[in-house]
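In: No letters, just coordinates:
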């Protein structure tokens, strides 16, 4: 089942203030479902931001046999992270994850896809995922350009963000483009309660060390940046990307009316 629409979704600004989670009675009781794809993967800074808001993390790895819930009634939202595999792979767990995204779409729960997760969301919505026609990749820091809709949703976007991918995707029918890029034009989009980010605001300093060491072969691909530039660019651009991510996560998790209703009930 794919969720597609010929009608563009309405883009509303994120709330200016985060939900209060300082007092015990305000702590969310439903965790965020976290989907990871490697044994060593972590939710990085996105996990840190969600924990700071008071959310527990229900971490699952379908690639290694973990199941995904039939409903998100017991979760406040879901995030599917990146990985070295492709959304076009024929592996059963890849197909199951793409099909499962129908659950948060149908139930109007906050959903966020990061890199591979965004490509899976695009596939669920009927869009094509494919490599760059010239074999180029984005591995390192590259510029993005927020659209008017992106600025309306969330101000102060970073001008350059961290990437680690060799495939991109079309803008799904009915989705709103939030940020564009050069070699890979679709960098961020919204479809109702679901968001897809082609880039990696989740990457911590430790994760960058691990990726650039274990994945050093990727830096030999056309368009990739050498390892030293990853860290040099991080010193320049990371503070803005980190501040933007905090604002984005604060707004994403409380955006949908159903989420706001559930939080009020808690």
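Out: Noted; the coordinates are in hand. Keep in mind that what you see is a predicted model, and the values were worked out from it rather than measured. Numbers count the residues shown, from 1 in each chain.
In: so where is the stretch 151-266 of the chain shaky, pLDDT-wise?
Out: Within the stretch 151-266 of the chain, the segments meeting pLDDT under 70 span 255-266.
In: who does residue 129 bridge with?
Out: Beta-bridge partners for residue 129, by DSSP bridges, are residue 169.
In: Can you name the residues that contact it?
Out: Listed by Cβ atoms under 8 Å, 6 or more residues apart in numbering, the contact partners of residue 129 are 86-88, 119, 122-123, 167-169. Yep, even glycine has a C-beta here, placed from its N, CA and C like the rest.
In: Check residue 204 too.
Out: Counted by Cβ under 8 Å, 6+ apart, residue 204 has contacts 44-45.
In: Then residue 205?
Out: Residues in contact with residue 205 (Cβ under 8 Å, 6+ apart) are residue 234.
In: Can you give me the distance of it to residue 99?
Out: 35 Å (Cβ to Cβ, to the nearest Å).
In: related to what we said a few turns ago, list only buried entries from the contacts of residue 129.
Out: In the contacts of residue 129, burial by neighbour count holds for 86-87, 119, 122-123, 167-169, counting by 16 or more other Cβ atoms under 10 Å.
In: List the buried residues of the lengthiest helix in the chain.
Out: Criterion DSSP state H: the longest helix present in the chain is helix 227-252. Neighbour counts over helix 227-252 (16+ other Cβ under 10 Å) mark 227, 230, 233-234, 237-238, 241, 244-252 as buried.
In: and what of stretch 48-63?
Out: Neighbour counts over stretch 48-63 (16+ other Cβ under 10 Å) mark 48-50, 53-63 as buried.
In: Likewise for stretch 211-219?
Out: Across stretch 211-219, burial judged by 16+ other Cβ under 10 Å covers 211-212, 218-219.
In: So what's the predicted local confidence for residue 23?
Out: Note on residue 23: pLDDT of 46.
In: what does stretch 234-244 rub up against?
Out: 45, 141, 154, 156-162, 201, 205, 208.
In: hey, where'd the strands end up in the stretch 101-250 of the chain?
Out: Taking DSSP state E, counting those that start in this stretch as the test, the strands found in the stretch 101-250 of the chain are 111-114, 129-131, 138-143, 145-146, 160-165, 167-169, 176-180, 186-191, 194-197.
In: ok so, going back, dump the buried residues of stretch 211-219 to TSV, plus distance to residue 71.
Out: Formatted as TSV, the buried residues of stretch 211-219 follow (distance: Cβ to Cβ, whole Å):
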residue	distance to residue 71
211	34
212	39
218	37
219	42
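In: Check the gap between residue 66 and residue 227 for me.
Out: Between residue 66 and residue 227 the computed distance is 32 Å (Cβ to Cβ).
In: Distance check, residue 189 against residue 54.
Out: Look at residue 189 and residue 54: by Cβ to Cβ, they are 28 Å apart.
In: for residue 94, same thing?
Out: 32 Å.
In: next one: residue 130
Out: Distance from residue 130 to residue 54, counting by Cβ to Cβ: 39 Å.
In: now do residue 249
Out: In terms of Cβ to Cβ, residue 249 sits 12 Å off from residue 54.
In: average pLDDT across stretch 83-91?
Out: Mean pLDDT, stretch 83-91: 96.
In: and that stretch, how far apart are its ends?
Out: Start-to-end span of stretch 83-91 (Cα to Cα, to the nearest Å) is 14 Å.
In: Give me the pLDDT value at the residue nearest the centre of the chain.
Out: Of all residues in the chain, the one closest to the mean position by Cα atoms, centre = their mean is residue 114, 2.6 Å from it. We have a pLDDT of 98 for residue 114.
In: got a list of what it touches?
Out: Each residue near residue 114 by Cβ under 8 Å, 6+ apart is listed here: 46, 79-82, 197, 200-202.
In: Specify the beta-bridge partners of it.
Out: Here residue 114 shows beta-bridge partners residue 197, assigned using DSSP bridges.
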